[in-house]
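Peer 1: just coords:
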Ligand SMILES: O=C(CO)[C@@H](O)[C@H](O)COP(=O)(O)O
Ligand SMILES: [Fe+2]
């Protein structure tokens, strides 16, 4: 299993001071920057795009950027995120007419590719593209907003995804996104996740370092 990764979602950061916020959360021990892209079409909210991703790189952010695209259609914007310096590009299968082709586009751009599953979306499509994904992202809330409550049924889905990944024998990250906090992260890790997105739990706290330290302490108990 891969080492644990904490990926704060900048959706809950102060956008007026984004560079400083990202610096601060990385200095506090974060591993990845989770970058939520919403188009007011696939999801009912509108956020940031490739220009902001490029701006973070220009500002000096070198940590992996995990671009979560909640955008439909998705193919047209892949090249822009490649150019903007994304490390991982993940998308929802419902947002692509040709999932295999979209994965290929991401890899051709030199990025790592991932598929994102909404709470009610089955994992069945994975069977056909397991050899082409670097990350599986399970949504534990319905996509579109930060600050929602973790849907408990996701724990069983995580176990299912973990079994599929282990059976594949490939190094595929299993990421969880939505409602993750210090109180549930241990149980989520025990169910099989290795990569943890947390937005409001980190950015709404007064001390980012204290939250991330607490998350790591909980993770250490999940995998002693
Ligand atoms: O992709 C999304 C929401 O669609 C997430 O990345 C959220 O931004 C996570 O926020 P919290 O639930 O941790 O506040
Ligand atoms: Fe996300």
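Peer 2: Here it is on my side, so go on. Predicted, not measured: the structure shown is a model, and the values here were computed from it. Ligands and ions are numbered 1, 2, ... in the order given.

Peer 1: Run through the helices of the protein in chain order.
Peer 2: Counting by DSSP state H, the chain has helices at residues 18-27, 50-59, 75-84, 99-108, 126-129, 154-168, 185-190, 200-203, 208-222.

Peer 1: can you pull the contacts of the closest residue to residue 14 other than its chain neighbours?
Peer 2: Nearest-residue entry for residue 14: residue 21, 5.6 Å, with adjacent residues in sequence omitted and distances by C-beta to C-beta, 6 or more residues apart in numbering. All C-beta atoms are positioned from the backbone trio N, CA, C, and that covers glycine. Residues in contact with residue 21 (C-beta atoms under 8 Å, 6 or more residues apart in numbering) are 10, 13, 14, 203.

Peer 1: Within reach of ligand 2, which of these are there?
Peer 2: Taking C-beta under 5 Å from the ion as the test, ligand 2 is in contact with none of those.

Peer 1: wait, residue 35 sits on residue 86?
Peer 2: Yes - in this structure, residue 35 is within contact of residue 86 by C-beta atoms under 8 Å, at 7.3 Å.

Peer 1: just the helices of the chain: most buried one?
Peer 2: helix 200-203 (a mean of 23; mean count of other C-beta atoms under 10 Å).

Peer 1: which residues sit in contact with the closest residue to ligand 2 within the chain?
Peer 2: Across the chain, the shortest distance to ligand 2 (C-beta to the ion) belongs to residue 68, at 3.8 Å. Residues counted as contacts of residue 68 (C-beta under 8 Å, 6+ apart) are 34, 35, 36, 37, 90, 116, 137, 177, 197.

Peer 1: what's the burial count for the third one?
Peer 2: In other words, residue 36. 24 (other C-beta atoms under 10 Å).

Peer 1: So in terms of bridging, what pairs with it?
Peer 2: residue 68 (DSSP bridges).

Peer 1: Now do the contacts for it.
Peer 2: Taking C-beta under 8 Å, 6+ apart, one finds 9, 10, 11, 47, 48, 68, 70, 146, 199 in contact with residue 36.

Peer 1: still on that earlier bit, out of the contacts of residue 68, which touch ligand 1?
Peer 2: 34, 36, 177, 197 (C-beta under 6 Å from any ligand atom).

Peer 1: need the residues you listed in CSV with pLDDT and distance to residue 3, can you?
Peer 2: As requested, the ones next to ligand 1 among the contacts of residue 68 are exported to CSV (pLDDT from 0 to 100; distance: C-beta to C-beta, whole Å):
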residue, pLDDT, distance to residue 3
34, 99, 17
36, 98, 23
177, 98, 18
197, 99, 16
